[in-house]
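[1] Let me see the structure of the following:
(one chain, ligands or ions: 1)
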Amino acid sequence: MTAQIRLPMKRRQFLKNAPLSAAGLLSVPVFANYQDRKDPTSVTKSLIKPLVVCTWNFKNATAKAWEILSNHGTSLDAVEQGVMVEEADPTNETVGLGGRPDRDGNVTLDACIMDKDGNCGSVVYLQNIVHPISVARKVMELTPHIILAGKGAEQFAYENGFKKTNLLTESTKKQYEAWKTTSTYETIINIENHDTIGMLAIDGNGDLAGACTTSGMAYKMAGRVGDSPIIGAGLFVDNEVGGATATGVGEEVIKTVGSFLIVELMRQGKSPQEACEEGVRRIMKKNQGRTDFQIGFLAINKQGETGGYCVHPGFTYSQFTNQGQTEQTVESYYKK
Ligand code: SD4
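    All right, here's what the predicted structure looks like:
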């Protein structure tokens, strides 16, 4: 049995493009038998399902994932095929084809995927392959390992039928040539508006999966690996509790093992929103007064509640449920 409630102010999130929200007020379906979060692992059923969310407003990606979920597909297939939409989009300059290169001009990709049983696969520093997420899935399913790096990952990809592709586009090549003439390397806040895609889904069976894929920080040092392919940092899923993913300056996310932290906070009873806020606060505590970086966390719990929080205003996420597709703008540690 479902009922509609209005969320308290603190938990309210703001909807853009929310065709089903009335008069600008967010309401979400909740259920009469909603369980106490104090023991989230006792919840064996997802109450809002299917559900998919991803970092930023990647509507096409959540639409693709929703197509799979609404046709009784698994959350694993949904997150893989969902993020593949962005990997294949040459205009997304932080993911896959058309991703910005490192400072030597090479596009190097990081990705990981995690399923309902806690299995995971990851590729780091992968070149010349449009869909690192699918290579990561194959690492998970076909090898005794979890992470393959660089040349070994690329070789494994070719052995599994992936084609060699030049990932540098005319646009990213031009930008790189311009950057070389002007810049010494430093991280500039929101230089790339951090459009890494991290996606979390619950399928019709109530099972969770997640995927995260990126070309990393633009003009990074050759060999640099960020948080996105590191299980527990850029992504973590525990089918008993929930999942979390991150976007932004990966070094800071790795230092707190951010996504794992958020899932563990949810295990202790926090809502996804509260857990994301605590995750950002932990990072800011270690970086007191520092304003020159962005991080956004996104989380869902087993019940299908969602939440997000970021350092600076501007982080949004896309959501698709049987109530339709929305873009949610999350609150931030620093206000405008
Ligand atoms: C990284 N977290 O490599 C990624 C960057 C990112 O959009 O989110 N870019 O550190």
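[2] Do you know the pLDDT at the nearest residue to Trp56 once chain neighbours are set aside?
    Distance criterion Cβ to Cβ, 6 or more residues apart in numbering; nearest residue to Trp56, sequence neighbours excluded, is Asp195 at 5.3 Å. (Each C-beta comes from the backbone N, C-alpha and C, glycine too.) On the pLDDT scale, Asp195 is placed at 80.
[3] Helix or strand: which one has Asp195?
    Here Asp195, judged by DSSP states H and E, is contained in no helix and no strand.
[4] center of this protein - which residue?
    Centroid-nearest residue in the chain: Gly198, 1.5 Å away (criterion: Cα atoms, centre = their mean).
[5] Tell me who's in contact with the nearest residue to that one once chain neighbours are set aside.
    Leaving aside its chain neighbours, Gly198 sits nearest to Thr245 (2.8 Å; criterion: Cβ to Cβ, 6+ apart). When contacts are counted by Cβ atoms under 8 Å, 6 or more residues apart in numbering, Thr245 touches 55, 198-200, 210, 212, 234-236, 259, 297-299.
[6] Would the host helix or strand of Thr245 count as contacting the ligand?
    Assigned by DSSP H and E, Thr245 belongs to strand 242-248. Yes - using Cβ under 6 Å from any ligand atom, strand 242-248 reaches the ligand at Thr247, Gly248.
[7] Tell me the strands beside that strand, with direction?
    Neighbouring strands of strand 242-248 in its sheet, by DSSP bridges, are strand 235-238 (antiparallel), strand 295-301 (antiparallel).
[8] Now do the first one, average pLDDT.
    What it means is strand 235-238. The average pLDDT within strand 235-238 is 98.
[9] in the stretch 101-250 of the chain, which spans are strands?
    Remark: strands assigned in the stretch 101-250 of the chain by DSSP state E, counting those that start in this stretch are 109-114, 120-126, 147-149, 197-202, 208-214, 235-238, 242-248.
[10] which residues are in contact with the lengthiest helix in the chain?
    Identified as the longest helix of the chain according to DSSP state H is helix 272-286. The contact list for helix 272-286 (Cβ under 8 Å, 6+ apart) reads 11, 13, 242, 244, 252-253, 255-256, 258, 261-263, 265-266, 270, 290, 295, 297-301, 305-311, 330, 333.
[11] if we go to 6 Å?
    Contact with helix 272-286 is made by 11, 252, 256, 258, 261-262, 265-266, 297, 299-301, 305-309, 333, as judged by Cβ atoms under 6 Å, 6 or more residues apart in numbering.
[12] quick one: Leu208 and Gly243 touch, right?
    Yes - at 5.3 Å, Leu208 and Gly243 qualify as touching, with contact defined as Cβ atoms under 6 Å.
[13] who touches both of these two?
    In the contact map built from Cβ under 6 Å, 6+ apart, the residues linked to both Leu208 and Gly243 are Val237.
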